[in-house]
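> This is a predicted model, with the sequence first.
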Amino acid sequence: MSNEYSDFSMIDLFRIELENNISVLSDGLLALEKDTEEKEWLEKLMRSSHSIKGAARIVQLDPVVNLAHKMEDYFVNLQEGKLRFNTTQIDKLFEAIDSLKNLSEISVKEIETWVKDNSDEFERLTSLLDTLEESDDEVVPEVENEKIVNPENNTDFDKQVKSEENKKVVEAEDRASVVRVTAENLDSLMGLAGEFFVEVGYLEPYSKSLLHLKKQHDDLSRIINKINESLDVKLIDINIKNYYYELRNKQSEINQSFIDRINEFESFAMKLPSLSDQLSREVVKIRMRPFNDGVHAFSRMMRDLAKKLGKNIMFVISGKSTEVDRDILEKLEAPLNHILRNSVDHGIESPDERKALNKPQDGLVEINAYHKSGMLIVQVSDDGRGVDYSSLRDKIIKKNLATADVAQTLNDSELLEFMFLPGFSTTNKVSEISGRGVGLDVVQNMVYEVGGVVRVSSETGKGTTMTMQLPLTLSVIRTLLVDISGEPYAFPISRIDHCFVINTNEINIVEGRQYFNYDNKNIGLVDASQVLGFKSQSSESNSVYVILIGDSFTKYGLVVDSLIGEKDIVVQRLDKRLGKVKNISAASTMADGSPLLIVDVEDLMRSIENILLEKRLRSIDKVDRQFKHKIKSILVVDDSITVREMERKILENYGYHVDSAVNGVDGWNAVRTGSYDLVVTDIDMPRMNGFELTTHIKNDQRLMALPVIIVSYKDSEADRLKGLDAGANYYLTKSNFFNDKLVNSVIDLIGEP
């Protein structure tokens, strides 16, 4: 018998079982609402409610037992034909499921207390389910287009295929044996697999040393044979002769033993790399989860949104069994949530609008996940109204993001890129569902963070498609290994635009800065050794190795000593106690066991810009250098790269010197070790939020006079008061990017640059 749950308490096991069965209940009700003929779901629904009842009885949670019992009775009545589905019944059942879901999210230690405190609510829901009986409500009709309608195809066959596909996914999930493993255990296992891979790498040089030893033994044998040829056996003493024959026999035995051991070792050494590679792949597979695990809850969300907005939505999830790295799957939740809400609220038209446009009454929203060319592709598409490019162009001009003349020259793809700016929204209506201009910003930040790309395409009146191209896993990445000052460094391939070998006569120097021309653009050249703090290596070569890094706005050529080659490496996270290591994101190991650092390209870009700024300031004359010390310095703290870059560019364009930090702890360390005239900080950040950072600054005797501006998406009076109470001098919303409020606030606090 498996003892995989032996370390769990009964309450632990109850919570695990509750989570699993809630998922089945939600999926089953949604399936039945779309098609009341999905009879196989009734058995699953009845069994899940029965399992919850039994598990709750074991841990003596009587209110849960009573509620689950009523749900079980209802599904039994449906099976026996005593009841029919209708909208009122489904809404009541979902209300009960929501209560169970809230229970599953309570910590194990608080479950019993929480159930007691909410016993009245469970009693109300139990009584509510007592009223589940056949009513005069209209029976929920079958959804005729639970698929993409294509008049050239047999729609019944399409529906049957989709139903069979969903059935297979559910059956596969039911058969799967589930073992709960912590993220730390998985990371540790991945690290051990990487170490094993490194140790296997030692076999090849060891094999070579054995062959070298065998060669030395062969040389010894040849010397013995020459001695034999040189001696007159008749003149040798009988004892010496016996010793000599014994020597030759022993030499022959050792030689044969050498041959046997080397053959065995080579056979062993040939198998181990394959086993090591297989082990690494299997460990990576452990981190993989079906795509459906991260998106199945969206079906319920889409149902509720459609009902709230009075729209008919046909929501389809394709590629449910596609394997996705657990870290990427978790990161996908927020971006997909924003995209789907925008699709329902602003993309899909109302039933009357769709009828007037000769569109199907049900709007289609589809998520599709699949693997292609070693990448994970996630697409979200809808057949709604699409993007009004004329309106989008007007918004860009209105927000002063481009002049009218420039905006008229932009094509559709270039216009769509503006939608990824923070605070940018294509709608004038802001609701609790969408319209706050944060959706695509969240999407872009997440995709960039994992080393992917995102594209949006839209056809006015026909719909919009968002495509995210992501790595299959974050545990193993493809990198370019380079040599910098005699040390190997790894650059993620996804962060590199191009590699060059440039002749020195192609490099131009303007105002003390080096440039080369690529794609009709001047690209600044920077020595990687200098950026990483090493002494530059002198070279008399007529060419240099350059890797091109950057984003759509800024690119730099990084000069390295040599290109080692491409390699898939196992990522090993740095110890949290080290904090944020400048210019480095993680580590790995080379084949010989030596450490290999993985470069944080985003951080490296900031270091390059700081170096270039210092060079520019050092190049001016004495008067200007005296003025340099008067330039106001600002620290921008925000975990969003887009927001950081926008704030930095706005303030630098106005003349301020700007540094940036990626979270509150990074910002606090920068403030304590640097010298700044002002801090601009976000609120919601990992490790230390903006309120805490502001409090730390104001409680420090040396820093308490340092002005702080909080810039946040949150526009509530409560947050504003909380920020000011913490000591902030200004509280601005991120919509102020598009007017002069931010710059005016800075000038008011610290003056002109």
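Received it, and whenever you're ready, just let me know what you need.
> where does the stretch 51-200 of the chain dip in pLDDT?
Flagging of the stretch 51-200 of the chain using pLDDT under 70 yields the residue ranges 85, 87, 133-184, 191, 194-195, 197-198.
> All the helices of it, in order from the start?
Ranges of helices in the stretch 51-200 of the chain, per DSSP state H, counting those that start in this stretch, are 62-79, 87-104, 111-117, 119-130, 155-175, 183-201.
> can you give me the strands for the stretch 351-500 of the chain?
Secondary structure of the stretch 351-500 of the chain (DSSP state E, counting those that start in this stretch): strands located at 363-372, 375-382, 453-459, 463-471, 476-484, 487-492, 496-503.
> Format those strands as CSV; extra columns: mean neighbour count.
Every C-beta, even on glycine, is put in place using the N, C-alpha and C of the backbone. Formatted as CSV, the strands of the stretch 351-500 of the chain follow (neighbours: other Cβ atoms under 10 Å):
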stretch, mean neighbour count
strand 363-372, 19
strand 375-382, 22
strand 453-459, 17
strand 463-471, 21
strand 476-484, 20
strand 487-492, 20
strand 496-503, 14
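> Select, out of the ones you listed, the one closest to Ala661.
strand 487-492 (21.9 Å; Cβ to Cβ).
> Contacts for the closest one next, please.
Strand 487-492 has contacts (Cβ atoms under 8 Å, 6 or more residues apart in numbering) with 451, 477-483, 528, 532, 547, 549, 564, 567, 569, 588, 590, 594, 596-599, 601.
> Residue nearest the middle of this structure, spatially speaking?
With distances taken as Cα atoms, centre = their mean, Ile328 lies nearest the centre of the chain, 4.0 Å away.
> who touches the host helix or strand of that one?
Counting by DSSP states H and E, the element that carries Ile328 is helix 326-342. By Cβ under 8 Å, 6+ apart, the residues outside helix 326-342 that reach it are 183, 186, 287-289, 291, 293-295, 298, 301-302, 305, 324, 365, 367, 376, 378, 380, 433-434, 438-440, 442-443, 446-447, 449-450, 466, 468, 470-471, 473-474.
> and it, which residues are buried?
Buried residues in helix 326-342, defined by neighbour count with 16 or more other Cβ atoms under 10 Å: 326, 328-329, 331-332, 335-342.
> now swap in stretch 76-92 and tell me
Across stretch 76-92, burial judged by 16+ other Cβ under 10 Å covers 76-78, 83, 85-86, 89-90, 92.
> What is the nearest of these to Asp519?
Each of the buried residues of stretch 76-92 was scored against Asp519 by Cβ to Cβ, and Ile90 proved nearest at 57.2 Å.
> Spatially nearest residue to that closest one (excluding sequence neighbours)?
Spatial nearest neighbour of Ile90, excluding adjacent residues (Cβ to Cβ, 6 or more residues apart in numbering): Glu33 at 5.5 Å.
> Ramachandran coordinates for that neighbour?
Dihedral angles of Glu33 (phi, psi; degrees, to the nearest 10) stand at phi -60, psi -40.
> Provide a list of residues in contact with Pro63.
115, 118-119, 122-123, 126.
> which among these end up buried?
Of the contacts of Pro63, these count as buried by 16+ other Cβ under 10 Å: 115, 118, 122, 126.
> from what I can see the first one touches Asn102, true?
No. Under the criterion of Cβ atoms under 8 Å, Val115 lies out of contact with Asn102, with a separation of 10.6 Å.
> Okay, now the unreliable bits of the stretch 501-650 of the chain?
Applying pLDDT under 70 to the stretch 501-650 of the chain flags residues 510-512, 536-540, 551-553, 591, 613-630, 642.
> Pull up the gap between Glu487 and Phe534, please.
Look at Glu487 and Phe534: by Cβ to Cβ, to the nearest Å, they are 8 Å apart.
> mind checking the longest helix of this protein?
Ranked by residue count, the top helix of the chain under DSSP state H comes out as helix 238-286.
> Work out the gap between the helix or strand following that helix and the centre of the chain.
Going down the chain from helix 238-286, the next helix or strand is strand 288-290, by DSSP H and E. Strand 288-290 sits 14 Å away from the centroid of its parent chain (Cα atoms, centre = their mean, to the nearest Å).
> Give me the helices and strands touching strand 288-290, please.
strand 323-325, helix 326-342 (3 or more Cβ pairs under 8 Å, 6 or more residues apart in numbering; DSSP states H and E).
> Quick check: Ser529 touching Val482?
No. Applying Cβ under 8 Å, one finds Ser529 not in contact with Val482, separated by 11.2 Å.
> Spit out the residues that contact those two alike.
In terms of Cβ under 8 Å, 6+ apart, Ser529 and Val482 are both contacted by the residues Asp561.
> Report the buried residues of the helix or strand where Asp27 lies.
Using DSSP H and E, Asp27 sits within helix 10-34. The neighbour-count check on helix 10-34 (16+ other Cβ under 10 Å) flags 11, 14-18, 20-34 as buried.
> domains in the chain, as residue ranges please.
According to automatic domain parsing, the chain comprises the domains 1-143, 187-286, 476-606, 631-750.
> Gly310 is nearest to which of those domains?
Minimum separation from Gly310 across the domains of the chain (Cβ to Cβ) falls at domain 1-143, 13.7 Å.
> returning to what we had before: closest one to Ser391 among the domains of the chain?
domain 631-750 (16.4 Å).
> From the contact count, pick out the helices and strands touching the helix holding Asp27.
helix 40-58, helix 87-104, helix 111-117, helix 298-309.
> Just checking the distance from it to the centre of its chain.
With Cα atoms, centre = their mean as the basis, the mean position of helix 10-34 lies at 27 Å from the chain mean.
> Also stretch 491-501?
Chain-centre distance of stretch 491-501: 20 Å, with Cα atoms, centre = their mean.
> tell me which strands and helices the helix or strand where Leu213 lies is in contact with?
Element membership for Leu213, per DSSP H and E: helix 203-230. Contacts defined by 3+ Cβ pairs under 8 Å, 6+ apart place helix 203-230 against helix 238-286.
> Quick check: nearest residue in space to Gln79, chain neighbours excluded?
Computed as Cβ to Cβ, 6+ apart, the closest residue to Gln79 that is not its neighbour in sequence is Leu42, at 5.1 Å.
> Let me see the confidence value for that neighbour.
At Leu42, the model reports a pLDDT of 79.
> List the contacts of it.
For Leu42, the contacting residues are 28, 32, 75, 78-79, by Cβ under 8 Å, 6+ apart.
> Nice, that's everything, thank you.
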